[in-house]
Each structure stands twice: as C-alpha cells, then as structure tokens.
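**Q** when you get a sec, could you give me coordinates for this:
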Amino acid sequence: MFHGVTNMAAAEAYQRAGEARAYALGNRGPIRFDARGTLHPDITSAYSRTGFYVFEGVLGEAELADLRTELAEVLERAPIAPGAAVDRRGRPAFGRDCAIPLFTFGRPLSDPYGGTDKNHGRHPAKMSEPTPPADAPEQTIYFIYGILQALESCLRLYGHPQLLRVAEAVNGADFAPFADSIWIKEPGLGTSVAWHQDGTTHWDHPHWHEDIHGFNFMAQLHPTTPANALWVVPGSHKLGKIDIKAMVEAAGSDRLPAAVPMLGAAGDVAICNRQALHGSFANTSLDRRVSVVFGFHRRDAVLNVRKRQRAGTVVVYDEKRIHMRSMAIQMAIDARAKRFPEETPYVYQPFVGAEDEIGNEVGRRTAHQDYDIKDYNVLNLGL
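**A** Coordinates of the predicted model:
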C-alpha cells in the first residue's frame with residue numbers, strides 16, 4: 001500500500017518484479033555445514049555470487065519472544081524526543097547516561113541521509129519522500145545503537161553458535177567485531193535509507209578483495225515484504241566503489257532496476273556483504289520491519305587501521321582495542337549458554353584459555369544483571 005506515493009502502479013510493479021528476481025537468485029535456505037563442519041559450499045558460492053544470503057528459520061519462537069518483549073520495553077522508556085531526558089510518561093529516559101546516544105529519530109517517511117555528507121557522505125542520492133499521514137508524529141525512532149548493553153536478548157543473539165560459525169567461515173577463526181544496531185521501520189512512518197555501500201576505508205587497498213569491508217547479519221523479528229525490506233543489487237560487492245549518484249540518475253528514479261528485496265520470515269537471518277550496494281524505501285506499507293543488525297570483519301582488515309571517527313578524532317585499531325571490543329563476543333557466548341543450555345556454545349579462538357578474563361576487564365557482575373558492558377560500543381571497529 002502506497003500512501004501519498006505518486007505513480008503507485010509503477011511502484012507496485014517494481015516491487016513485484018523485484019520479488020520475483022529475489023526468489024530466483026538461489027541464495028536462501030537453512031544454515032548448513034558439510035561433513036567437515038564448515039559452511040556448505042553451496043552457501044559460500046551463492047553468497048560470493050550475490051553478496052547476500054537469507055538463512056531461514058535460524059531463531060526459534062522463544063528467542064523471538066525475548067527480543068520482541070525487550071525491544072517493546074526499551075522503546076517504552078525511550079526519550080520522548082531527540083535529546084530529551086525523559087520518556088513519554090515523564091520518567092528518566094533509558095540510556096540517557098550512555099556515552100553514545102542509543103536512539104536516532106527522523107521525520108516520518110523522510111530520507112535522513114540521502115544527498116548529505118552524513119555517514120561519511122556514503123548516501124549521495126536522495127530517496128523519494130512520500131507525504132506522511134496527517135496524524136503522524138513529528139519524529140519516529142528508526143535506529144537503536146549499542147544494543148548489546150540495551151537488550152540482554154541481543155547480547156544472547158550475538159553469541160548464536162551457528163551464526164558465529166558462519167562468521168568464522170567467511171572471516172576466519174580470529175574474526176573481529178564491527179558494530180551492532182536495531183533498524184526499525186514502523187508502518188506508514190519508517191524512514192528510507194538512501195542507496196549506499198558501507199565501506200569507507202579500503203577501496204584503494206593494494207590487496208582489495210570482495211570481503212575486505214566485512215559483513216552484517218540481519219535478524220528479522222517480523223516478516224519482511226518488498227515494501228519494507230532492504231533492497232540489494234546482487235553482485236555489486238565485487239565492483240569496487242560505485243558511482244551511486246550516476247547509477248540513480250541513469251535509472252531515472254530511486255528504483256534501481258537490478259535491485260532485489262531481501263525477503264524473509266520472522267526468525268530468518270540474512271548475511272549481507274558491506275560492499276554490496278543497498279538501501280531501503282520509506283515504509284508506506286502497513287507492515288512493521290525490525291532488523292537486529294550486527295557485523296564482523298577479518299582481523300587483518302582492521303588491525304592497525306587508522307580511522308577518523310564521526311566526532312573528528314583519529315583512532316588506531318591496535319591489538320588492544322581489537323581485543324577489548326572482541327570481549328563482547330565471548331560475553332555473548334557466555335550469556336547465551338545460560339539461556340539456551342541445550343546448545344553447544346561456539347568456541348571463539350581469540351579467547352581460548354582466557355575466558356575468565358571477561359568478568360574482570362570489561363563486564364562486572366551484579367546482583368541484578370549478569371552482564372554490564374556499558375559503552376562497549378565506543379570501541380567499535382568501523383571500516
């Protein structure tokens with residue numbers, strides 16, 4: 001359903017065609033491993049060919065219920081407006097004391113990034129901005145940052161043994177973390193995300209390869225549809241840095257003809273190469289999308305990288321920083337084992353023999369919460 005969108009028939013036709021192309025790609029199915037315990041070559045081949053893969057049925061109903069319940073609780077305690085100190089009931093807002101604000105707001109159905117220099121200028125072409133409903137709020141929350149400290153269920157998801165085995169298959173046993181977040185597209189309100197590639201550091205690297213900027217997992221808490229899904233241009237992760245503005249201009253609109261929607265059911269988890277060209281349209285539909293996003297890198301891609309932060313400071317991803325940020329992975333494995341004791345926990349190679357270090361250096365155990373990793377995300381390893 002397209003409220004306020006001109007040329008509805010063309011938009012609906014674009015979505016139907018994209019859906020058909022998406023299901024024809026052959027890049028979806030359950031997580032499978034071969035006889036040696038490594039990711040099945042059919043999956044690695046399809047992922048390398050298209051730049052993404054939809055793992056079906058990864059999360060069970062109990063885990064989905066945990067995630068949905070905790071997310072609702074966090075949103076209930078969110079600031080009433082950007083920068084506000086209280087929630088909508090006048091209580092102190094959740095996360096107000098975090099070093100990096102947890103919640104990001106935007107005007108309903110707007111494009112907060114397109115055509116601006118935000119996010120390192122990665123979104124050069126603006127998306128269409130439909131007219132929101134007359135009763136729409138002035139601002140809607142579309143992004144939650146630092147989710148491992150905000151939701152225990154997200155910390156546990158971060159330690160999912162099969163997903164971490166996939167991370168190892170793509171990035172090696174000593175893989176390093178990137179960042180994590182929750183993207184929310186509320187029905188009739190959700191903002192768009194202009195076409196972009198995630199990488200910013202390694203496009204001119206002398207040993208550039210298709211996986212050098214890492215990948216993101218995207219766990220879906222609700223079914224995704226062509227109207228609210230992330231769209232990806234298959235194979236674009238192999239093309240290097242793309243002239244996105246020229247591509248959009250050649251298309252004549254923000255509907256890139258080669259793109260497909262990343263479709264999935266609740267509980268599916270997609271993996272998407274961060275170099276793939278991707279974006280999403282404003283959610284004018286009646287369906288909500290909530291994606292829990294967390295990514296990983298090859299260790300040799302982040303080690304000793306100098307990176308300018310959004311605040312303007314330059315940091316170096318040395319061994320200590322990588323080690324400190326990687327502790328969240330081991331903490332997540334520990335947390336998950338307590339909630340899902342029937343699973344075989346993943347063994348994270350960088351912390352073999354050093355598991356006891358976790359509680360001492362980063363986490364502190366309290367009577368009310370097993371894990372406190374407040375402000376862990378100031379050490380994120382963005383590329």
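**Q** assign a three-state SS to the most centrally placed residue in the chain, would you?
**A** Among the residues of the chain, the one closest to the centroid is Val293, at 2.5 Å (Cα atoms, centre = their mean). Three-state call for Val293 (DSSP: H, G, I helix; E, B strand; the rest coil): strand.
**Q** what is the end-to-end distance of stretch 210-220?
**A** Its start and end residues considered, stretch 210-220 measures 25 Å (Cα to Cα, to the nearest Å).
**Q** quick one: buried residues of that stretch?
**A** Asp211, Ile212, His213, Gly214, Phe215, Asn216, Phe217, Met218, Ala219, Gln220 (16 or more other Cβ atoms under 10 Å). Bear in mind the C-beta positions are built from the backbone N, C-alpha and C, glycine included.
**Q** tell me which of those residues fall in strands.
**A** Phe215, Asn216, Phe217, Met218, Ala219, Gln220 (DSSP state E).
**Q** for Thr201, give me phi and psi.
**A** Here is the backbone geometry of Thr201 (degrees, to the nearest 10): phi -110, psi -30.
**Q** verify the contact between it and Val305 for me.
**A** Yes. Counting by Cβ atoms under 8 Å, Thr201 touches Val305, with 6.2 Å between them.
**Q** overlap in contacts of these two?
**A** Leu383 (Cβ atoms under 8 Å, 6 or more residues apart in numbering).
**Q** so what's the nearest residue to His40 once chain neighbours are set aside up against?
**A** Spatial nearest neighbour of His40, excluding adjacent residues (Cβ to Cβ, 6 or more residues apart in numbering): Arg32 at 4.1 Å. Residues near Arg32 by Cβ under 8 Å, 6+ apart: Leu39, His40, Asp42, Ile43.
**Q** what subset of the residues you listed is buried?
**A** Leu39, His40, Ile43.
**Q** between those residues, which sits nearest Asn7?
**A** Ile43 (37.9 Å; Cβ to Cβ).
**Q** which two from the buried residues of stretch 210-220 end up farthest apart in space?
**A** Checking those with Cβ to Cβ, the most distant pair is Ile212 and Gln220, at 26.5 Å.
**Q** re earlier: so the residue nearest to His40 versus Ala354, what's the distance?
**A** With distances taken as Cβ to Cβ, to the nearest Å, Arg32 is found 31 Å from Ala354.
**Q** okay, the closest residue in space to Gly199 that isn't next to it in sequence: pLDDT?
**A** Spatial nearest neighbour of Gly199, chain neighbours left out: His213 (3.3 Å); criterion: Cβ to Cβ, 6+ apart. pLDDT for His213: 98.
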